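In: Predicted coordinates and the sequence they were generated for:
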Amino acid sequence: MTALSAAKARDTPPHAVSALGLRKSYDDKVVLDGIDLHVPAGTVFALLGPNGAGKTTTVEILSTLIKPDAGQARVAGHDLAGRPDGVRAAIGVTGQFAAVDNLLTAEENLLLMADLRHLPRREGRRRTAGLLQRFELTEAARKPVSTFSGGMRRKLDLAMTLIGDPKIIFLDEPTTGLDPRSRRTMWEIIRGLVADHGVTIFLTTQYLEEADQLADRIAVLDKGRLVAEGTADELKRLVPGGHIRLRFAEAAALETAARHFGAAARDPEELTLRIPSDGSIPTLRAVLDVLDDAAVRPESLTVHTPDLDDVFLTLTGQGTPATTGEPAR
């Protein structure tokens, strides 16, 4: 290894999760068809896909709940097949439905989880008190969970996941069934875990806005295969429809500008010009340069890029992900 390549290796953040060729079938149905994943430590990675795409199966494999038929993976530096106990010690998993005991209080649920993690009693009580405070559950700590709202139950479920101080958290559809306010509260908690505690989040979701808001990188899974991966902006640039919209104060200015943009769509009634664009800064700069050369100024300029709905429709051809009903594997 050269000095330059060694320096690059040191500068590259380690992968919290890496997988190559993961495959899983149930009878004749292929659920995962050889997927590769690489999740840098200290980031939010979203696996986006419709019902039945294979999202939950991926989480179950990476969290050692089920074994793949083929492929290999490393989680938190541990080989999935060779050191599953090391993987389990480093991760936390929050499933699609809150795994809390309704007959116990919030405090008792957390203390029970601390016992299951074999924490010393004093340390378990310390972590329990800290998590109740962090998740704003202190006032409800000694109330039965059966009295909790859906948002409170999901917060408690995530707090229970954190009792073992995991390095990596798998969140499988964490906001399913929550109202918009509770969903945004969960988003803030997730952001805080990454920003303040350096936790890596592996998130599966059907909510396009959730992936857009939270994820550093997004992978789109469809019928067991990864069909795209990148940042939200990179994915949006994969599909057509992006444009720069110029509005002019008078028809003469519109006509002058239109002569300089051959591929633009002109609307004489609205006095607007729509120029195809990939949303990038170089493209915007090029449009501004042409306007300067033509000595014409628009009244307003807006950049329109496809959203994740457009990406999803284009890449999967199955419509937008469902937000109700029974989530599939």
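Out: Received it, and whenever you're ready, just let me know what you need. Everything numeric in this text was worked out from a predicted model, so none of it was measured.
In: give me the element the most centrally placed residue in the chain is part of.
Out: For the chain, the residue nearest the mean C-alpha position is residue 46 (2.7 Å; C-alpha atoms, centre = their mean). If you go by DSSP states H and E, residue 46 is part of strand 44-48.
In: so the residue of the chain most remote from its centre is in which element?
Out: Among the C-alpha atoms of the chain, the one most distant from their mean position (C-alpha atoms, centre = their mean) is that of residue 252, at 46.6 Å. Element membership for residue 252 (DSSP H and E) is helix 251-258.
In: buried stuff in that helix?
Out: Within helix 251-258, the residues that count as buried by 16 or more other C-beta atoms under 10 Å are 253-254, 257-258. Just so you know, the C-beta spots here come from the backbone N, C-alpha and C atoms, and that holds for glycine as well.
In: Repeat that for stretch 39-49.
Out: For stretch 39-49, using 16+ other C-beta under 10 Å, the buried residues are 39-49.
In: mind checking the end-to-end distance for stretch 64-74?
Out: 11 Å (C-alpha to C-alpha, to the nearest Å).
In: got the contact list for that stretch?
Out: With contacts defined as C-beta atoms under 8 Å, 6 or more residues apart in numbering, stretch 64-74 is touched by 15, 17-25, 32, 34-35, 37, 57, 59-62, 79-81, 84, 87-88, 93.
In: what about 7 Å?
Out: 18-25, 34, 60-62, 80-81, 84, 87-88 (C-beta atoms under 7 Å, 6 or more residues apart in numbering).
In: ranges for the helices of the stretch 51-200 of the chain?
Out: Ranges of helices within the stretch 51-200 of the chain are 55-62, 84-90, 106-116, 121-134, 150-162, 180-197, based on DSSP state H, counting those that start in this stretch.
In: Going by distance to residue 161, which of the buried residues of stretch 39-49 wins?
Out: residue 44 (15.3 Å; C-beta to C-beta).
In: Quick one: residues contacting the spatially closest residue to the closest one that is not a sequence neighbour.
Out: Counting by C-beta to C-beta, 6 or more residues apart in numbering, residue 44 lies nearest to residue 201, which is 4.4 Å off, once chain neighbours are set aside. Contact partners of residue 201, counting by C-beta under 7 Å, 6+ apart, are 44-45, 169, 171, 190, 193-194.
In: top of these by neighbour count?
Out: residue 171 (26 neighbours; other C-beta atoms under 10 Å).
In: Settle this for me: that one is touching residue 93, isn't it.
Out: No - with contact defined as C-beta atoms under 7 Å, residue 171 does not count as touching residue 93 (8.2 Å).
In: where exactly do the strands run in the protein?
Out: Assigned by DSSP state E, the chain shows strands spanning 15-26, 29-40, 44-48, 70-75, 78-79, 91-94, 168-172, 200-205, 217-222, 225-230, 243-247, 265-267, 272-276, 300-304.
In: ok so, going back, then the strand holding residue 46 to PDB, C-alphas only?
Out: C-alpha atoms of strand 44-48 as PDB (Å, rounded to 0.1, in the frame of the first residue of the first chain):
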ATOM      1  CA  VAL A  44     -28.400   7.500   9.000                       C
ATOM      2  CA  PHE A  45     -28.900   5.000   6.200                       C
ATOM      3  CA  ALA A  46     -32.500   4.500   4.900                       C
ATOM      4  CA  LEU A  47     -33.700   1.400   3.100                       C
ATOM      5  CA  LEU A  48     -36.700   2.500   1.100                       C
END
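In: So what touches that strand?
Out: With C-beta under 7 Å, 6+ apart, strand 44-48 has contacts from 39, 55, 58, 190, 194, 201-205, 211, 214-221.
In: Narrow those to those that are buried.
Out: 39, 55, 58, 190, 194, 201-205, 211, 214-215, 217-221.
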